[in-house]
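Chemist: Provided below are the primary sequence and the corresponding predicted coordinates.
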Amino acid sequence: IEIGWGYMHRDWDLIRKILLATDAALPGERLGERHFPGENTAILFEHVRILKESGYLEAAVSASKSGRGGGMFLIDRLTWDGHDLLAKMKSDAWWSKVKKTAADKGLTLTFDVIKTLALPAAKGLLGLDQD
């Protein structure tokens, strides 16, 4: 993702934080940058934008005209796919297992890798991966 001054890598913990906050919002509440104190606003904006473009969030996004990255956003809600993705990331134990499995196998986390690893991680946590 280009943000004006260089390449930004996806921060999966930030993505999880955005999804969790959106899920926890009251019906009709729109989330903006004030709901994510301490986060770099340009990086936060880009993550909201990629989540929207990927179909995981419904949000209004308006890129900055300065060319330095960032912009304004208001998150409305998770989509069906957003709820499905969050279900795979919601549990701290499950999320840690998915990240560890990806790292152990030398995999770069992507939406597809998370979806693929989520089932075996869940089976492992439930003790279902033993024969």
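Modeler: Received the coordinates, thanks.

Chemist: residues of stretch 90-102 that come out buried?
Modeler: Within stretch 90-102, the residues that qualify as buried are 94, 95, 97, 98, 99, 101, 102, counting by 16 or more other Cβ atoms under 10 Å. Where C-beta positions appear, they are placed from N, C-alpha and C, glycine not excepted.

Chemist: pretty sure the first one is in a strand, no?
Modeler: Spelled out, it's residue 94. No. Applying DSSP: H, G, I helix; E, B strand; the rest coil, one finds residue 94 to be helix, outside a strand.

Chemist: going forward, count from 42.
Modeler: All right, first residue 42 from here; so that's residue 135.

Chemist: verify the stated contact: it with residue 155.
Modeler: No. Using Cβ atoms under 8 Å as the test, residue 135 is too far from residue 155 to be in contact (10.6 Å).

Chemist: need the overlap of contacts for these two.
Modeler: Listed as contacting both residue 135 and residue 155 by Cβ atoms under 8 Å, 6 or more residues apart in numbering are residue 129.

Chemist: returning to what we had before: of the buried residues of stretch 131-143, which belong to helices?
Modeler: The members of the buried residues of stretch 131-143 that map onto helices under DSSP state H are 135, 136, 138, 139, 140, 142, 143.

Chemist: helices and strands around the helix or strand that contains residue 83, which ones?
Modeler: Take DSSP states H and E as the rule and residue 83 turns out to sit in helix 82-94. On a contact count with 3 or more Cβ pairs under 8 Å, 6 or more residues apart in numbering; DSSP states H and E, helix 82-94 meets helix 53-65, strand 98-104, strand 112-119.
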